[in-house]
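Colleague: give me a 3D structure for the following:
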Amino acid sequence: MSSVENPGQGSRFPADSPSGIFRIPASFRAAASGRLFDPVERETEAESITVRIRWFGLGIGYLYVNFGTQVGSPRELNAMLTLGAAYALIDTLASWKGRLLLTNYRMAISLMEALFIGLLCHFDEGVTSPFRFYYFLSLMVCAIRHSSSVTYTTFGLHSISYLLLGLFSNAEPRMLAEEDAGSHQLVSGLLTLVFMGWGTWAIVSLTGLLKKAGQRLALLNEQLKSNQQHLERRISARTRELQESQAMLVQQEKQAAFGLLAAGIAHEVGNPLASISSIVQLMSRKNTDSAVGERLQLVDGQLQRIQRILKELTRFSRPANEQLASADVHSAINDALNIAKYYGRWKGKTVVTSFAEGLPQIRTVHDQLVQVMLNLILNALDAMAEGASIEISTRRLAAESGRPERLAIRIRDEGHGISKDAQKQIFQPYFTTKDHGTGLGLFVCRHITRNSLGGDIELVRSDASGTEFEVTLPVQRNTGE
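Modeller: Below is the predicted model:
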């Protein structure tokens, strides 16, 4: 049953929306995808900020040493700043590549910076050197990059560096009198330590608030992403249900129109047919010629055949009785075959039935089971060339793995098969491989089998040798209901 009639083309919703109903804004999708508050990206952005702070401090230092007045040891200071610039360059290159430099040696970096700043101050004016403000820049960088504990530890290292600088530095302020030098250095050192401690607390508090805000935003972002995914799943499910309902409505409207057409044809054809039949019977009674009598009997037989066809047509096209009742699956299959034999592509093809004996009746809707069987048989006829055959078999399946006892109906054809890509879509509405198909046949079969008959339908196999479908229906032992 390689030619398949089924849906897939008729969606009337925007194709670029994730669920088929509306388009989600790009900013919403970006936020929900986790790109706005990714932890690794935040660390990389923080690193880029600290790199800029380093270069700012180095630039100010070079200007002070080379264009300022009363600088202590310009040659040594330029050498120290060049060493710092080399480290900043390595840090910058690592930042551009999205990596963090020496993340496992944070305290070593803090110790190195404390020594570096202490030496800059030592080669300049000691505790009163403008380079002491580098301690604040270092603490700012540390607070941005690392935790509060690392920042406070760095403050401790910087304080020790500054105290040692005051103890061992020989530089004296040049702008003050000799007797005021000691008191000036003491006051300057104490104020620097106080402001350094206060600045550490302020920076840690501010960065802590920012980090908490980022974590809160990350949590909200995860919730947003989860809610969006849930919303998309619900929209997708509702869209699918809507498409299936639309497809079923189209099919029902087609069947209703076909029923009205069939009833009209039966009425219009039935009346003159009854008149012709009456005339033929009257002529048969009055006829005395045996040769003419034989021909009249042939005409009467063909008229009765037309009447049977009209009865089967009107019976199939009338509104189906959806009441559950005990039914014989073999009777439903035979009814479907009696209708299918009038199909134009029946000619030159063989139908072989292999019915299991002793199958129980099932509680089902007979007309709907006939409709499912007829759709599968017509698909098989469309798929085959003349000389090919269809095999219809039934069997009983024992209860297993929590599944009740079932009856299985298998329909196998010798058609050209269904492609691998098409096999994934054959039960979707509006998908069809036929030139004249509407794409509702197999979709309706599955809908009826699952929702009305309580069973299931599946594609067993499909290749160049043919296609097999299997319909399974639950067994109803109590037939007296």
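Colleague: C-alpha only now, for contacts and for neighbours.
Modeller: Noted.
Colleague: got the contact list for Leu459?
Modeller: Contacts for Leu459 (C-alpha atoms under 8 Å, 6 or more residues apart in numbering) come out as 467-470.
Colleague: should've said Ser419
Modeller: Contacts for Ser419 were tallied using C-alpha under 8 Å, 6+ apart; they are 462-463.
Colleague: so where is the stretch 201-350 of the chain shaky, pLDDT-wise?
Modeller: 244, 247-268, 271, 312-322 (pLDDT under 70).
Colleague: next up, phi/psi of the closest residue to Ser354 other than its chain neighbours, please.
Modeller: Spatial nearest neighbour of Ser354, chain neighbours left out: Ser393 (4.5 Å); criterion: C-alpha to C-alpha, 6 or more residues apart in numbering. Phi and psi for Ser393, reported as degrees, to the nearest 10, are phi -130, psi 150.
Colleague: contacts for the strand or helix carrying Gly156, please.
Modeller: Element membership for Gly156, per DSSP states H and E: helix 148-168. For helix 148-168, contacts defined as C-alpha under 8 Å, 6+ apart pick out 106-107, 110-111, 114-115, 118, 121-122, 126-127, 135, 139, 142-143, 185, 189, 193, 196-197, 200, 204, 208.
Colleague: are any of the residues you listed buried, and if so which?
Modeller: Buried members of the contacts of helix 148-168, scored by 16 or more other C-alpha atoms under 10 Å, are 106, 110-111, 114-115, 118, 121-122, 126-127, 135, 139, 142-143, 185, 189, 193, 196-197, 200, 204, 208.
Colleague: may I have stretch 428-447 as PDB, with CA atoms only?
Modeller: What follows is stretch 428-447 as a C-alpha-only set of coordinates in PDB (Å, rounded to 0.1, in the frame of the first residue of the first chain):
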ATOM      1  CA  GLN A 428      -0.100  13.300   9.300                       C
ATOM      2  CA  PRO A 429      -3.100  15.300   8.000                       C
ATOM      3  CA  TYR A 430      -2.900  16.500   4.400                       C
ATOM      4  CA  PHE A 431       0.200  14.400   3.500                       C
ATOM      5  CA  THR A 432      -0.300  12.300   0.400                       C
ATOM      6  CA  THR A 433       1.900  10.500  -2.200                       C
ATOM      7  CA  LYS A 434      -1.000  10.300  -4.700                       C
ATOM      8  CA  ASP A 435      -1.600  12.700  -7.500                       C
ATOM      9  CA  HIS A 436      -5.300  12.700  -6.800                       C
ATOM     10  CA  GLY A 437      -5.200  12.200  -3.000                       C
ATOM     11  CA  THR A 438      -6.500  14.500  -0.300                       C
ATOM     12  CA  GLY A 439      -4.100  13.400   2.400                       C
ATOM     13  CA  LEU A 440      -6.900  12.400   4.800                       C
ATOM     14  CA  GLY A 441      -7.200   8.600   4.300                       C
ATOM     15  CA  LEU A 442      -4.600   7.200   6.800                       C
ATOM     16  CA  PHE A 443      -5.000  10.100   9.200                       C
ATOM     17  CA  VAL A 444      -8.800   9.300   9.400                       C
ATOM     18  CA  CYS A 445      -8.000   5.600   9.700                       C
ATOM     19  CA  ARG A 446      -5.700   6.200  12.700                       C
ATOM     20  CA  HIS A 447      -8.100   8.700  14.300                       C
END
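Colleague: buried stuff in that stretch?
Modeller: Under 16+ other C-alpha under 10 Å, the buried positions of stretch 428-447 are 428-434, 437-447.
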